[in-house]
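Visitor: Give me coordinates for this.
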Amino acid sequence: MASFVAAEAVPATSAEQGIARGTVWFLALSVGVIIVNLTAPQTLVGPIASDLGMLPAQAGLVGTASLLGYAAGLFFLVPLSDLVENRRLTVALLGAAVLAAFAAAATRSAVPFLVLLFVLGAACSAIQVLVPMAAAMARASERGRVVGDVMSGLMVGILLSRPLASLVADLLGWRAFYLLSGASMAALILLMRLRLPMRRPEARTRYPALIASLVILLRREPMLRRRALTAAFGMAAFSVFWTAVALRLSAAPFGFDQRHIALFALAGASGAVVAPFAGRAGDRGWSRPLLVAAHCVTILAFGLAWLADRTSGSMTPALALLVLSAIVVDVGVVGDQTLGRRAVNLLAPEARGRVNALFVGIFFLGGAAGSGVAGYAWAQGGWPLVCAAGAGFGALSLLSDLLGGSSQV
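Guide: Sure thing, here's the model as predicted:
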């Protein structure tokens with residue numbers, strides 16, 4: 001593989017100057033638009049498989065191809081942000097994403113479509129160039145707030161992606177979703193050239209050594225290991241809930257169709273508002289108690305979800321409890337991830353891109369594990385076992401934090 005040598009390490013924006021609020025909200029909007037490509041395909045499996053004549057085994061890959069590409073991008077593309085000027089790298093990745101999205105909308109066969117989804121997911125790893133870029137431009141005293149604000153855009157994008165994709169596909173067809181996504185990212189490229197400053201990384205090494213350093217960083221930074229582990233368990237709980245809740249809502253007594261489930265997801269998205277508040281609290285030194293509270297809140301959410309299944313009589317109380325559990329699980333998981341991301345962005349400024357790649361890559365693996373467990377739990381024990389599995393992941397997150405000690409915040 002070709003080697004890359006860093007340009008002169010001259011930061012474009014000093015962290016002492018801080019980051020403009022307009023830039024923060026632009027970055028939040030950008031990551032929200034990009035992340036939609038990773039989670040929306042899960043709701044489009046049915047129409048895509050039918051249109052492209054996929055076998056059942058192939059259809060399952062629609063929901064995972066872009067996620068697998070994203071994982072590859074995290075470990076093999078995002079580390080380049082410690083070598084290559086960040087705005088140029090982001091624009092290049094988004095350009096590839098635009099081409100992949102437009103090509104996916106036009107393809108007529110299954111295998112090329114899945115390959116394009118993989119490429120699209122890998123290019124969307126640009127998200128993890130933008131988040132540490134925001135952290136690098138922020139003053140240390142405001143880093144938690146900035147990361148929290150950008151993360152709120154990320155989480156809103158995740159939570160809105162499913163209802164958005166469902167509504168677009170219902171009105172215009174699934175191909176329209178990819179056309180709209182490609183057009184949105186093309187617009188972001190133009191805006192980034194105008195709004196984002198240049199940021200040259202500090203590292204001076206070559207690409208193979210950069211990738212090899214991921215293992216060294218993980219071994220050297222106990223804070224990174226601890227925060228990535230608790231985030232992985234939290235993301236597993238998040239995936240358990242959002243993978244299985246659509247199955248629960250489509251069953252009795254609810255009998256929801258795709259539009260009703262989309263509205264439910266919109267209600268649950270309100271939990272993402274906790275991100276900026278968690279970031280500000282971390283800046284004030286409250287990370288430790290709030291992390292413990294976030295894990296406890298995640299466990300509580302599954303208690304509420306289990307109680308919804310035990311409610312008899314009118315459907316309204318059960319639905320209200322499910323909506324409340326959706327909000328609460330989002331509050332717990334978003335709070336944990338925001339505080340964790342703040343903590344790891346205070347580590348190793350010269351390796352901030354790699355640190356973020358490891359953090360996100362590890363909690364992404366937790367999310368993938370949660371999705372698998374959710375399907376198995378639903379098939380074997382229905383909603384009660386799903387709730388037990390989600391609460392179990394929340395408990396593991398809490399235990400790993402408590403066993404880590406107060407220094408691991």
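Visitor: How is this structure partitioned into domains?
Guide: Taking automatic domain parsing as the reference, the chain has its domains at 19-201, 205-409.
Visitor: got a markdown table for those, with mean neighbour count and mean pLDDT too?
Guide: C-beta coordinates here come from the backbone N, C-alpha and C atoms, glycine included. What follows is the domains of the chain, written out as a markdown table (neighbours: other Cβ atoms under 10 Å; pLDDT from 0 to 100):
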| stretch | mean neighbour count | mean pLDDT |
| --- | --- | --- |
| domain 19-201 | 21 | 87 |
| domain 205-409 | 20 | 85 |
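Visitor: Tell me where the longest helix sits in this protein.
Guide: Ranked by number of residues, the top helix in the chain under DSSP state H is helix 352-404.
Visitor: Against which helices or strands is that helix packed?
Guide: Taking 3 or more Cβ pairs under 8 Å, 6 or more residues apart in numbering; DSSP states H and E as contact, the helices and strands that helix 352-404 lies on are helix 56-76, helix 127-137, helix 207-220, helix 222-250, helix 287-310, helix 315-344.
Visitor: now that helix against helix 315-344, angle please.
Guide: With axes from the mean of the first three to the mean of the last three Cα atoms, to 10 degrees as the criterion, the two stretches helix 352-404 and helix 315-344 enclose an angle of 110 degrees.
Visitor: Now do helix 352-404 against helix 207-220: the angle between them, please.
Guide: With the same axes, to 10 degrees applied, the angle from helix 352-404 to helix 207-220 works out at 20 degrees.
Visitor: quick revisit: could the helices and strands packed on helix 352-404 go into a markdown table alongside distance to G18?
Guide: Listed next are those as a markdown table, based on distance: least, Cβ to Cβ, whole Å:
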| stretch | distance to G18 |
| --- | --- |
| helix 56-76 | 28 |
| helix 127-137 | 7 |
| helix 207-220 | 27 |
| helix 222-250 | 24 |
| helix 287-310 | 21 |
| helix 315-344 | 16 |
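Visitor: which one of the ones you listed lies closest to L27?
Guide: L27 lies closest to helix 127-137 among these, at 5.0 Å (Cβ to Cβ).
Visitor: what does that closest one rub up against?
Guide: The list of residues contacting helix 127-137 from outside it, by Cβ atoms under 8 Å, 6 or more residues apart in numbering, reads 11, 13, 15, 18-19, 23-24, 27, 30-31, 34-35, 74, 78, 81, 86, 89-90, 93, 143, 146-147, 150-151, 154, 196-197, 199, 341, 345, 349, 352-353, 355-357, 360.
Visitor: repeat for stretch 166-175
Guide: Applying Cβ under 8 Å, 6+ apart, the external contacts of stretch 166-175 come out as 43-44, 47-48, 51, 105-106, 165, 176-177, 180, 258-259, 261-262.
Visitor: and if you look at stretch 366-383?
Guide: Outside stretch 366-383, the residues within contact range by Cβ under 8 Å, 6+ apart are 67, 231-241, 243-244, 247-248, 305-306, 309, 385-386, 388-390, 393.
Visitor: rerun at 6 Å
Guide: 232-233, 235-236, 239-240, 243-244, 247-248, 309, 385-386, 389 (Cβ atoms under 6 Å, 6 or more residues apart in numbering).
Visitor: Just the CA atoms of it, as PDB, please.
Guide: Extracted in PDB, the C-alpha atoms of stretch 366-383 (Å, rounded to 0.1, in the frame of the first residue of the first chain):
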ATOM      1  CA  GLY A 366     -20.700  -3.600  20.700                       C
ATOM      2  CA  GLY A 367     -23.600  -2.400  18.600                       C
ATOM      3  CA  ALA A 368     -23.200  -5.200  16.100                       C
ATOM      4  CA  ALA A 369     -23.200  -7.700  19.000                       C
ATOM      5  CA  GLY A 370     -26.400  -6.100  20.400                       C
ATOM      6  CA  SER A 371     -28.200  -6.500  17.000                       C
ATOM      7  CA  GLY A 372     -27.300 -10.200  16.900                       C
ATOM      8  CA  VAL A 373     -28.400 -10.800  20.500                       C
ATOM      9  CA  ALA A 374     -31.700  -8.900  19.900                       C
ATOM     10  CA  GLY A 375     -32.700 -11.200  17.000                       C
ATOM     11  CA  TYR A 376     -31.800 -14.300  19.000                       C
ATOM     12  CA  ALA A 377     -33.600 -13.100  22.100                       C
ATOM     13  CA  TRP A 378     -36.700 -12.200  20.200                       C
ATOM     14  CA  ALA A 379     -36.900 -15.600  18.500                       C
ATOM     15  CA  GLN A 380     -36.200 -17.500  21.800                       C
ATOM     16  CA  GLY A 381     -38.100 -15.600  24.400                       C
ATOM     17  CA  GLY A 382     -39.900 -12.600  22.900                       C
ATOM     18  CA  TRP A 383     -40.000  -9.200  24.400                       C
END
